[in-house]
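Novice: Fold the following, please.
(one chain, ligands or ions: 1)
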Amino acid sequence: MATTSDFNGKWALVTGASSGIGVALARELAGRSAKLILTARRVDRMEALAAELRRQGTDVRVIPADLSDPAAPEQLYAATEGAGIAVEILINNAGLGQYGAFSESLVEQELAQVRVNCEAVVRLSRLFVPRMVERGRGWVLVLASTASFQPLPYFTTYAATKVFDRFFAEGLAAEVGRFGVKVTALCPGPTESSSM
Ligand SMILES: NC(=O)c1ccc[n+]([C@@H]2O[C@H](COP(=O)([O-])OP(=O)(O)OC[C@H]3O[C@@H](n4cnc5c(N)ncnc54)[C@H](OP(=O)(O)O)[C@@H]3O)[C@@H](O)[C@H]2O)c1
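Specialist: Numbering: from 1, shown residues only. Coordinates of the predicted model:
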């Protein structure tokens, strides 16, 4: 991929494609003639987006997955690369943030952020990036945040997951750039969406 605007006819897997930034990214990619695989848990929202994009001529598949399940990335890989769909663009967008006092929170809510924001990003990247390296092209986008630039009390675990995302993207970019694979950390500030 010569530039990140060279999306024409390439398959893009977008996680968190049922709301917010994931929907916006899916629309942007479709507008640049990419083909889309949408994944998240809420199928009705993804089907509505898929119908909208298909009306504009975009090839769209919907694959539901819960990325807090460590088996989900393998299932996404099997349903795409395993079925002959070469994923050349991986958008690691799915994420969640839990605001509140850490000492009073439910540990499962803290860990859900680590699983979706970090573990799933590593698992998906570990599955799809080697195929991109073999092909000598590809692009991985990781949704970090301006929250990755300083600790955030009462958003403590979330900010820590986002610094993980940014460092992960920056390190991986330095590893695989020489094989023609780009990795980018996107660091939005507060952005209107369903939950943040
Ligand atoms: N909005 C902001 O201000 C902001 C700023 C900086 C960075 N970000 C980052 O941008 C990304 C998108 O956030 P957003 O603001 O667009 O939030 P959002 O509207 O709440 O969307 C989050 C997306 O992640 C998916 N998701 C959450 N848990 C999931 C799970 N267990 N399995 C699969 N998918 C899951 C949701 O889908 P389902 O619920 O349907 O599964 C949804 O599509 C996140 O990584 C966030 O950290 C957001």
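Novice: Please enumerate the helices of this protein.
Specialist: Taking DSSP state H as the test, the helices found in the chain are 20-31, 43-55, 72-79, 107-114, 120-135, 156-176.
Novice: buried sites along the third one?
Specialist: Translated: helix 72-79. 72, 73, 75, 76, 77, 79 (16 or more other Cβ atoms under 10 Å). Heads up, the C-betas are built off the backbone N, CA and C, glycines and all.
Novice: one step back: now for the helices of the chain, which one comes closest to the ligand?
Specialist: Taking Cβ to the nearest ligand atom, helix 20-31 is the member of the helices of the chain nearest to the ligand, at 2.2 Å.
Novice: okay, the angle between the closest one and helix 43-55?
Specialist: Here the directions of helix 20-31 and helix 43-55 differ by 20 degrees (axes from the mean of the first three to the mean of the last three Cα atoms, to 10 degrees).
Novice: Buried residues in helix 20-31, which are they?
Specialist: With the criterion 16+ other Cβ under 10 Å, helix 20-31 contains buried residues 20, 21, 22, 23, 25, 26, 27, 29, 30.
Novice: Against residue 35, how distant is residue 153?
Specialist: 42 Å (Cβ to Cβ, to the nearest Å).
Novice: These two - which one has more neighbours?
Specialist: Comparing residue 153 with residue 35 by neighbour count (other Cβ atoms under 10 Å), the higher total belongs to residue 35, at 21 against 8.
Novice: Now the more buried one: closest residue in space, sequence neighbours ignored.
Specialist: Spatial nearest neighbour of residue 35, excluding adjacent residues (Cβ to Cβ, 6 or more residues apart in numbering): residue 59 at 4.1 Å.
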